[in-house]
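Peer 1: no sequence for this one, just the structure:
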């Protein structure tokens, strides 16, 4: 099964990125090429050869410098919910990784297909209800959003930390318990960019406007802490809540957990921590679409998965259950975020 092979490669790299072993050193020639392109690209913006584009709203970028599974999307959702609760008009833009559409920009609605929206933008839309637009260019997505929702005050850019074409007012960088891993750039290590970095003021990057959130529960100096856990219930495709305890009640069919995310074992461990007995697990590549997944793999099992996977899995296995991930950041994070948001909003009025 090709997907299993791709998943195995992903997990091998994730393990290799925790130390500077033989695989990391062997990939150094490719890392040198990546580093050269990275330096040249940043130099273009630093010295004015390329310029970011602005939009008529405060732009808050959420992203990470470490590849995969740090908690970027749950962070985006929690920020959107917090700002919306304050009464602010919020919108979200994203590239929509994995979507199969050549459309210049797409407004994501609750019933938009995953192929058109991408799994993470669709999850954000269904979780928050705010306007969500996807496009290959985040600037194009932001312009389309403002054209349809001109009173939007804050645009949250999901996964845009390294997307320099859109000027940003505030940045949130998300780490987890891996930290910077082995400290090397891709593909020898997990870093998309050097960290700590040297801000480029022309992009809107400033040390004082950067918030670092650690979802691993233990933060380093200068970082805020968020804790993640699974909900004590699962959701079926109709939105009905089912207690996890029901999955290990006497007579219940065996449970198979599947995960097409960056760190599937993390999801499996969290299920076991909730007391769910997993009779079988299957780790799949991140953003796996399940379109070629044969039914004989899960016959006789109760399937459980993440909310992101469920958006695709329900099309092929409608009786699957999704277990939501709950994330809570410390109050100081939101206090600091509010201060930056208020300052940026005042600056736009001046």
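Peer 2: Thanks, I have it. Since the model is a prediction, treat every value here as computed from it, not as a measurement. Numbers count the residues shown, from 1 in each chain.
Peer 1: Show me the helices in the chain, by range?
Peer 2: Remark: helices of the chain, listed N- to C-terminal, are 2-16, 22-26, 28-46, 72-85, 114-117, 119-128, 138-148, 264-273, 307-313, 331-349; assignment by DSSP state H.
Peer 1: hang on, isn't residue 284 packed against residue 260?
Peer 2: Yes. Residue 284 is within contact range of residue 260, at 3.9 Å (criterion: CB atoms under 8 Å). (C-beta placed from N, C-alpha, C; glycine too.)
Peer 1: what stretches of the protein score poorly on pLDDT?
Peer 2: Within the chain, the ranges that satisfy pLDDT under 70 run 1-7.
Peer 1: got the domain boundaries for it?
Peer 2: For the chain, the structural domains run 46-227+328-349, 232-323, going by automatic domain parsing.
Peer 1: possible to save those domains as a markdown table with mean neighbour count and distance to residue 32?
Peer 2: Putting the domains of the chain into a markdown table (neighbours: other CB atoms under 10 Å; distance: least, CB to CB, whole Å) gives the following:
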| stretch | mean neighbour count | distance to residue 32 |
| --- | --- | --- |
| domain 46-227+328-349 | 19 | 9 |
| domain 232-323 | 17 | 25 |
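Peer 1: Kindly reformat these as CSV containing distance to residue 16.
Peer 2: Listed next are the domains of the chain as CSV, based on distance: least, CB to CB, whole Å:
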stretch, distance to residue 16
domain 46-227+328-349, 8
domain 232-323, 14
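Peer 1: Let me know which of the ones you listed is the nearest to residue 9.
Peer 2: The closest of the domains of the chain to residue 9 is domain 232-323. By CB to CB, the value is 8.4 Å.
Peer 1: From start to finish, how long is that closest one in a straight line?
Peer 2: 8 Å (CA to CA, to the nearest Å).
Peer 1: Just give me how far it sits from the chain centre.
Peer 2: A distance of 19 Å separates the centroid of the chain from that of domain 232-323, by CA atoms, centre = their mean, to the nearest Å.
Peer 1: Next: stretch 69-77.
Peer 2: Per CA atoms, centre = their mean, the displacement of stretch 69-77 from the mean C-alpha position of its chain is 4 Å.
Peer 1: so who does residue 106 touch?
Peer 2: Residue 106 makes contact with 96, 99, 112, 116, 117, 133, 134, 135, according to CB atoms under 8 Å, 6 or more residues apart in numbering.
Peer 1: Kind regards, and thank you for your time.
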